[in-house]
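Colleague: the following block contains a protein sequence and its predicted model.
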Amino acid sequence: MAKPAKSFVCSACGSVFPKWAGRCEACGAWNTLEEQAAIPALPGGLKTTGNARGKKIEFVGLSGITPPPPRVPTTIAEFDRVLGGGLVPASVVLVGGDPGIGKSTLLLQAGAALGCAGSQVIYISGEESVDQIRMRAARLGLSSAPMHLAATTQLGDILASLAQFPDAALVVIDSIQTMWTESVDSAPGSVTQVRAAAFELIRAAKSQGFALMLVGHVTKEGNLAGPRVLEHMVDVVLHFEGDRGHQFRILRGVKNRFGATDEIGVFEMTGGGLAQVLNPSALFLAERRGNVSGSAVFAGLEGSRPVLVEIQVLLAPNPGGSPRRSVIGWDSGRLSMLLAVLESRCGLKLAMNDVYLNVAGGLRVTEPAADMAVAAALISAASDVPTDPSMVFFGEIGLSGELRQVAQAELRLKEAAKLGFAQAAAPKRVAGGAGRIAIPSSLKLLEIGHLTDLVGIAT
Ligand code: TYD
Ligand code: MG
């Protein structure tokens with residue numbers, strides 16, 4: 001068989017090209033193509049072990065299920081929720097996030113919790129020395145937690161040492177970009193190295209049965225650095241996000257072969273490490289001031305969990321030139337759409353204003369259900385009349401200004417009632433239709449059919 005020719009791989013998106021170029025044709029990034037050592041075709045790093053003919057595969061029918069092994073809860077409820085109920089033995093979890101966001105802290109705490117619950121935990125750092133990790137553990141009050149700690153970047157040494165721990169439940173590798181394997185002839189951190197190192201670790205996890213947690217760095221754009229390929233190789237991808245200016249951090253499930261994605265776990269970075277936030281709505285609304293115009297509370301949903309957040313809008317007159325649209329925590333395209341709908345369907349004059357929109361607390365809202373809360377905040381800012389502080393808003397807005405249904409209205413209403421809100425503005429027929437929902441008795445429901453109705457209510 002002919003030897004595979006040299007190829008070049010983009011370190012941003014993982015696309016492979018036969019020739020080098022200054023710009024990746026697939027993702028458009030500049031200067032990201034690296035030469036890749038000639039490795040056999042998919043999956044990366046798979047080598048024939050001398051037995052080139054292979055053995056016969058035993059095929060089976062569709063019926064019959066081997067019961068899944070029980071999950072191992074880390075005992076950190078917010079972490080377990082995102083994992084789908086705990087760690088699955090022999091699974092691989094990739095935790096990505098900006099530098100300094102708290103990935104090492106989170107995994108040290110999760111590992112220590114698991115260790116204290118009686119599981120064998122191994123923590124290998126390629127970024128920090130043993131003393132640095134011990135100092136952090138001391139700060140977190142975890143010095144006495146049972147854990148096998150090492151600092152190295154040599155993958156060969158790691159694999160040889162892991163064999164001594166047949167009962168290991170969890171192996172943490174911090175971070176995969178620092179690991180280096182001799183079997184591939186390229187620099188640490190390069191796509192080829194990262195992929196080969198991950199492949200060998202994953203193979204060890206599957207054969208020895210431990211859960212593997214890999215820390216991965218992210219690029220400026222928020223993608224997991226190096227190869228996206230890594231995301232395809234692992235079972236679970238979690239993003240640890242948050243604004244370094246705010247204390248709280250969100251662990252978000254992006255991919256999960258064993259549970260729902262889009263779940264979030266909320267933590268607060270304190271002097272003593274990451275603390276779980278069991279009631280995020282209360283935290284996000286803690287600093288809300290009642291009678292200020294331009295603010296509305298959105299009854300949102302993150303995964304299966306209702307979260308109330310405050311949407312803030314500030315309008316500043318800008319008579320000349322092109323007005324600014326500055327959005328933090330929401331989609332700027334959707335804001336433009338809402339502004340256009342408010343102008344053309346409700347006659348609101350906003351074009352001569354700079355618009356600043358902020359989701360208070362640093363949460364990133366992705367649901368279209370936030371449309372109504374944003375519209376209410378815009379109407380309130382334009383008329384300088386505060387929205388009713390006891391009211392929450394949710395509903396998607398269409399281009400003709402009509403309000404559309406959103407998922408899980410019941411959960412949103414329940415959360416609003418739980419936090420003491422007295423009224424909820426929701427799309428029409430929210431309580432009717434196919435699945436009747438229970439409305440909490442303490443909550444008055446205002447059904448809104450069109451945005452023009454909201455103009456009367458929001459202010
Ligand atoms: P770290 O876990 O090292 O981040 P990452 O591994 O994602 O790069 O967290 C670093 C930040 O967390 C650092 O800026 C200090 C802060 N921190 C606290 O505020 N309290 C603590 O108890 C700890 C351990 C860290
Ligand atoms: Mg770290």
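Modeller: Received the coordinates, thanks. Ligands and ions are numbered 1, 2, ... in the order given.
Colleague: switch to C-alpha atoms for all contacts and neighbour counts from now on
Modeller: Fine.
Colleague: report pLDDT for the spatially closest residue to Gly420 that is not a sequence neighbour.
Modeller: Spatial nearest neighbour of Gly420, excluding adjacent residues (CA to CA, 6 or more residues apart in numbering): Ser390 at 7.8 Å. On the pLDDT scale, Ser390 is placed at 92.
Colleague: try Met179
Modeller: The confidence metric pLDDT takes the value 92 at Met179.
Colleague: how much space separates the closest residue in space to it that isn't next to it in sequence from Gly329?
Modeller: With sequence-adjacent residues excluded and distances taken as CA to CA, 6+ apart, Met179 is closest to Thr153, at 4.7 Å. Applying CA to CA, to the nearest Å, the value for Thr153 to Gly329 is 37 Å.
Colleague: the two: which has the busier surroundings?
Modeller: Counting neighbours by other CA atoms under 10 Å for Thr153 and for Gly329 shows that Thr153 has the greater number, 22 against 16.
Colleague: ok, the residue nearest to Gly420 touching Ala417?
Modeller: No: here Ser390 does not reach Ala417: they are 10.0 Å apart, not a contact under CA atoms under 8 Å.
Colleague: one step back: need the contact list for the residue nearest to Gly420.
Modeller: With contacts taken as CA atoms under 8 Å, 6 or more residues apart in numbering, Ser390 has the following neighbours: 420-423.
Colleague: which of these has the weakest pLDDT?
Modeller: Gly420 (90).
Colleague: and it, what are its phi and psi?
Modeller: Main-chain dihedrals, Gly420, degrees, to the nearest 10: phi 90, psi 10.
Colleague: Ser15 and Ser7, how far apart?
Modeller: The spacing between Ser15 and Ser7, counted by CA to CA, is 10 Å.
Colleague: no wait, Ser144
Modeller: 49 Å.
Colleague: quick check on those two: which one has the bigger neighbour count.
Modeller: For Ser144 versus Ser7, the count of surrounding residues by other CA under 10 Å is larger for Ser7: 17 against 11.
Colleague: which strand residues bridge that one?
Modeller: According to DSSP bridges, the residues that bridge with Ser7 are Gln36.
Colleague: so it versus Glu34, what's the distance?
Modeller: With distances defined as CA to CA, the gap from Ser7 to Glu34 amounts to 8 Å.
Colleague: what does Arg134 give?
Modeller: The spacing between Arg134 and Glu34, counted by CA to CA, is 37 Å.
Colleague: tell me which of the two has more neighbours.
Modeller: Applying other CA under 10 Å to Arg134 and Glu34 shows that Glu34 carries more neighbours, namely 19 against 14.
Colleague: just the helices in the stretch 251-400 of the chain please.
Modeller: Listed in chain order, the helices of the stretch 251-400 of the chain (DSSP state H, counting those that start in this stretch) span 280-285, 332-346, 371-383.
Colleague: now do the shortest one: which elements does it pack against?
Modeller: In terms of contact count using 3 or more CA pairs under 8 Å, 6 or more residues apart in numbering; DSSP states H and E, helix 280-285 is assigned the packing partners strand 305-317.
Colleague: repeat that for the longest one.
Modeller: The elements that helix 332-346 packs onto, with contact taken as 3+ CA pairs under 8 Å, 6+ apart, are helix 371-383, helix 451-458.
Colleague: got a list of what the nearest residue in space to Val327 that is not next to it in sequence touches?
Modeller: Distances taken as CA to CA, 6+ apart put Leu357 closest to Val327, at 4.7 Å, once the chain neighbours are dropped. Leu357 is in contact with 311-314, 325-328, 330, counting by CA under 8 Å, 6+ apart.
Colleague: ok, so of the residues you listed, who is nearest ligand 1?
Modeller: The shortest approach to ligand 1 among the contacts of Leu357 belongs to Ile328, at 22.0 Å (CA to the nearest ligand atom).
Colleague: residues near the closest one, how many?
Modeller: 16.
Colleague: for the nearest residue to it once chain neighbours are set aside, which residues are in contact?
Modeller: With CA to CA, 6+ apart as the measure, Asn358 is the residue that lies nearest to Ile328, at 4.8 Å, once sequence neighbours are left out. Residues counted as contacts of Asn358 (CA under 8 Å, 6+ apart) are 311-313, 327-330.
Colleague: then Glu35?
Modeller: Residues near Glu35 by CA under 8 Å, 6+ apart: 6-9, 20.
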